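>>> Make a model of this:
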Amino acid sequence: MQGNFGLLHRAMLNIMLNAVKFSPENAIVHIALASSQQLAVLSITNQGAGIALGEQAKLFKRFSRTDSGKQVEGSGLGLYFVHMVAEKHQGLVDVESDLDKPTTFNLRLPMAS
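Residues are numbered from 1 along each chain as shown. Below is the predicted model:
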């Protein structure tokens, strides 16, 4: 895979920190990496309260914050930054979640050709 190591590192760290931030105390955060000749996928799953389907579309917009019911610090720029880094590398970031279900963020990046 080719890309800007600093940007990719920060994007991955942002997703991981969010997983910890929105998980209950002592919860397990799952991190998985899968790759093929065409695609690398980093998946990070937390055991937080979940994200309603209607809230998911705005997660990657600047200054966006969801009503998770948990008081957390942040500016709402972390996932926007992840989204921008993914786009810069011709990739994407998506979320799989629902209320009261685990949340998984997938960072999908193309492999070098």
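>>> Phe14: neighbouring residues, count only.
Careful, residue 14 is Asn; it's not Phe. Per other CB atoms under 10 Å, the neighbour tally for Asn14 reads 20. All C-beta atoms are positioned from the backbone trio N, CA, C, and that covers glycine.
>>> Identify the bridge partners of Asn46.
Beta bridges link Asn46 to Thr103, judged by DSSP bridges.
>>> Would you agree it is in contact with Val29?
Yes - using CB atoms under 8 Å, Asn46 is in contact with Val29, at 5.3 Å.
>>> For the two, indicate the residue with more neighbours.
Using other CB under 10 Å as the criterion, Asn46 and Val29 rank with Asn46 on top: 24 against 16.
>>> Check the secondary structure at Asn106 for me.
strand (DSSP: H, G, I helix; E, B strand; the rest coil).
>>> Give me the pLDDT for the residue lying closest to Ala40 once chain neighbours are set aside.
In space, and not counting its chain neighbours, Ala40 is closest to Leu109: 5.0 Å by CB to CB, 6 or more residues apart in numbering. Note for Leu109: predicted pLDDT of 97.
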